[in-house]
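Engineer: Have a look at this prediction, sequence included:
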Amino acid sequence: MVNSRLAVDQLVAAVVGRRRESELVVAALVADRHVLLEGPPGTGKSTLLRGVASALGVEFEFVEGTAELTPSRLIGHFDPALVLAEGYSSDIFVDGPLVRALRQGSLLYVEEINRVPEETLNALVTVMSEREVHVPRLGRVVAENGFRLVAAMNPFDAVGTARIAGAVYDRVCRVVMDYQSEEDERAIVAVQQSGASVKLQSAAVEIARATRSHPDLRAGSSVRGAIDLCMVSQELGEIRSLASDDDGVTLDAALVALSGRVRVREGASRSAEEIVEELWQSVFHQPDSHEADPSAGKATSPTAASRAT
């Protein structure tokens, strides 16, 4: 019997700021339920689920949810060359991740399940209900004890995604994950980028969080943007022989780390780069000793040419 409390304690030590979600996921899985984690990108869904598998001591089969995930890729297939030579036989069936998870009694983790074609989702619905799959010319593959589906999905209005059928929701326990608190995100950046100054870490988290509430943006950056901003600032400072919190360095790093992560609202008059620069001005470019002595090495904002590099 898995000690649920110890599993949660192990998860909390590894995943910052996710005690409640850890408790919910562990409780559902130990109760032998299927689980769906729903939330925007960069909120730690994959990290949490990988941690759950480790904490519970179970095997883990990973499936990337894409439009190309056909039922045969998920379930498995007969080796065509061997079929021609030997005919159909269970010995020449190549197990897909679903069949491997069923045979081993392990977790089947489907990432971005709302990108999966409907035909493939139907196969998953049957497995969740019946705990078995029927493969033509192979027969029934019945789930061993411990098999459960764990899936993650981004909001349905993201590009390339679709609404999940009610049949899926009816067979899973749904856990919603939103962005962590500012304190938790600072702790994540501190762990990932311990070489960056505390000032740079805090500013990077502040600008990433500001993208989520900007009126011209329909989607902002996750904490990954803050981590990348710190990382790029440190390396760019080395290249330019400048401090990692130099104005030109942090602006270019912000443009590189954040402009591709944000999504501009339709009808907005400004580009992603212009919005990121505005947020950079409000967060990073704070008047201090530079104003007391404007000639004392104040960096100028990067030119358009430098931004393109």
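Structural biologist: Cool, the structure landed.
Engineer: Which residue ranges of this protein form strands?
Structural biologist: Defined through DSSP state E, the strands belonging to the chain, from first to last, are 35-38, 60-64, 76-78, 93-95, 107-111, 132-135, 139-142, 148-153, 173-176, 217-219, 263-264.
Engineer: want to try a markdown table for the ones you listed, with mean pLDDT and mean neighbour count as columns?
Structural biologist: Glycine gets a C-beta too; all of them are placed from N, C-alpha and C. Putting those into a markdown table (pLDDT from 0 to 100; neighbours: other CB atoms under 10 Å) gives the following:
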| stretch | mean pLDDT | mean neighbour count |
| --- | --- | --- |
| strand 35-38 | 94 | 24 |
| strand 60-64 | 91 | 18 |
| strand 76-78 | 88 | 18 |
| strand 93-95 | 90 | 17 |
| strand 107-111 | 93 | 25 |
| strand 132-135 | 91 | 16 |
| strand 139-142 | 91 | 13 |
| strand 148-153 | 93 | 25 |
| strand 173-176 | 94 | 16 |
| strand 217-219 | 91 | 18 |
| strand 263-264 | 93 | 17 |
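Engineer: JSON lines for those strands, including distance to residue 282?
Structural biologist: Written out in JSON lines, the entries for the strands of the chain read as follows (distance: least, CB to CB, whole Å):
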{"stretch": "strand 35-38", "distance to residue 282": "31"}
{"stretch": "strand 60-64", "distance to residue 282": "37"}
{"stretch": "strand 76-78", "distance to residue 282": "53"}
{"stretch": "strand 93-95", "distance to residue 282": "54"}
{"stretch": "strand 107-111", "distance to residue 282": "35"}
{"stretch": "strand 132-135", "distance to residue 282": "54"}
{"stretch": "strand 139-142", "distance to residue 282": "57"}
{"stretch": "strand 148-153", "distance to residue 282": "33"}
{"stretch": "strand 173-176", "distance to residue 282": "30"}
{"stretch": "strand 217-219", "distance to residue 282": "14"}
{"stretch": "strand 263-264", "distance to residue 282": "18"}
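Engineer: Among these, which comes closest to residue 227?
Structural biologist: Set against residue 227 and scored by CB to CB, the strands of the chain come closest in strand 217-219, at 17.8 Å.
Engineer: Give the pairing partners of the closest one; include direction for each.
Structural biologist: Sheet partners assigned to strand 217-219 using DSSP bridges are listed as strand 263-264 (antiparallel).
Engineer: Look at residue 293 and report its pLDDT.
Structural biologist: Model confidence at residue 293, given as pLDDT, is 47.
Engineer: To residue 250, which of the strands of the chain lies closest?
Structural biologist: Residue 250 lies closest to strand 217-219 among the strands of the chain, at 19.7 Å (CB to CB).
Engineer: And that closest one, how far out from the chain middle?
Structural biologist: For strand 217-219, the distance from its own C-alpha centre to the chain's C-alpha centre is 18 Å (CA atoms, centre = their mean, to the nearest Å).
Engineer: quick one: contacts of that strand?
Structural biologist: Outside of strand 217-219, the residues that reach it under the criterion CB atoms under 8 Å, 6 or more residues apart in numbering are 40, 158, 211, 212, 262, 263, 264, 265, 266, 272, 275.
Engineer: and the first one, how many neighbours does it have?
Structural biologist: It stands for residue 40. The tally of other residues near residue 40 (other CB atoms under 10 Å) stands at 17.
Engineer: doesn't residue 179 make contact with it?
Structural biologist: Yes: counting by CB atoms under 8 Å, a contact exists between residue 40 and residue 179, whose distance comes to 7.1 Å.
Engineer: Which neighbours do the two have in common?
Structural biologist: Shared contacts of residue 40 and residue 179, defined by CB under 8 Å, 6+ apart, comprise residue 222.
Engineer: If any of the contacts of strand 217-219 are buried, put those into a ChimeraX selection.
Structural biologist: Here is the ChimeraX selection string for the buried members of the contacts of strand 217-219, based on 16 or more other CB atoms under 10 Å:
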select :40,158,211,262,264,272,275
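Engineer: ok, of the contacts of strand 217-219, which one's closest to residue 124?
Structural biologist: Out of those, the one with the shortest distance to residue 124 is residue 158. That distance is 20.0 Å, counting by CB to CB.
Engineer: and the closest one, what pLDDT?
Structural biologist: The predicted local confidence for residue 158 comes out at a pLDDT of 58.
Engineer: just the one 4 residues further on next, same as before
Structural biologist: Reading off the confidence values, residue 162 has pLDDT 60.
Engineer: now do the one 5 residues further on
Structural biologist: pLDDT, residue 167: 86.
Engineer: out of everything not next to it in sequence, what's closest to it?
Structural biologist: residue 125 (5.0 Å; CB to CB, 6 or more residues apart in numbering).
Engineer: So that neighbour sits against residue 171, correct?
Structural biologist: Yes: at 6.6 Å, residue 125 and residue 171 qualify as touching, with contact defined as CB under 8 Å.
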